[in-house]
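J.: Have a look at this prediction, sequence included:
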Amino acid sequence: MQKQILCLVFTLAMAAQAGGAWAKTTPANTHLTADSKAAQARYDADKKLCNDETTPNARLQCRRDAKAEYDQAMAAAKARVVTSPAPIAVAHAAAAPQAAPACAECGRILSIAVTEKAGEYSAVGVIAGGALGAVLGNQVGGGFGKDLATLAGAAGGAYAGKVIEEKIKTHKVWSVTVVYANESRASFDYTNDPGFQVGDRVKNTGNTIARM
């Protein structure tokens, strides 16, 4: 009875030691090594105790029981390695997010040019200028000469009306050139100052651009 108690105490101590090794280490091969050593140490201790049995049959049965316990301990250690969480960690690593693709519609301001653009004349300005010129030409000379003066006044007035209207409608244009990551370029025109500066990061938005 005393031998059985000593065997039980030793078994519990070795199991606690194996459990502590399992809790402190994480790699699967470390777990298996610690459990194997604990099982082997317990098996060796059991065999020594079996030698103290008084009869050959008792010693033989004791060794059989010790071997069975050893085999069970090794099977349990191998089962814990199979169910190790290491494959989960590998799966998480494989599922790491990929790098975001480059923005094809993003670029930077390369240059800004401000120019004056002549306004476009309309038929209203030409007709009004021609009418005024005809009136003025009609007041010159008489007879056939008066008719020529009227025609000349109408033609000159039409041209003057065109020029005056173009001058009135003249306005500034801000031409903004953008260079993209693939070295392509695009130009955008504004009738008012868009507020950009050379080097600004921008992105295409419909038919225009916006600062990023």
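T.: Arrived safely, thanks for sending.
J.: Provide the count of other residues in contact range of residue 37.
T.: 15 (other CB atoms under 10 Å). For every residue, glycine as well, the C-beta is placed using N, CA and C.
J.: where's it relative to residue 104, distance?
T.: Here the criterion is CB to CB, to the nearest Å. By it, residue 37 lies 60 Å from residue 104.
J.: next one: residue 174
T.: The value you get for residue 174 to residue 104, if CB to CB is used, is 25 Å.
J.: okay, the two: which has more neighbours?
T.: Legend: neighbour count by other CB under 10 Å for residue 174 and residue 104, higher for residue 174 (17 against 11).
J.: for that one, helix, strand, or coil?
T.: Under DSSP: H, G, I helix; E, B strand; the rest coil, the three-state class of residue 174 is strand.
J.: what pairs with the longest strand anywhere in the chain, and is each one parallel or antiparallel?
T.: Secondary structure of the chain per DSSP state E: the longest strand is strand 106-117. The sheet places strand 106-117 alongside strand 171-180 (antiparallel), strand 201-205 (antiparallel), with pairing taken from DSSP bridges.
J.: For the shortest one, list every residue counted as buried.
T.: Of all the residues in strand 201-205, those buried under the rule 16 or more other CB atoms under 10 Å are 202, 204.
J.: average pLDDT for that strand?
T.: Average pLDDT, strand 201-205: 94.
J.: List the contacts of that strand.
T.: Under the contact criterion CB atoms under 8 Å, 6 or more residues apart in numbering, strand 201-205 has outside partners 103, 105-109, 178, 196, 209-212.
J.: same thing but 6 Å
T.: 105-106, 108, 209-212 (CB atoms under 6 Å, 6 or more residues apart in numbering).
J.: Give me the buried positions along whatever helix or strand comes next after that strand.
T.: Note on strand 201-205: by DSSP states H and E, the next helix or strand toward the C-terminus is strand 208-211. Under the neighbour-count criterion of 16+ other CB under 10 Å, strand 208-211 has residue 209 buried.
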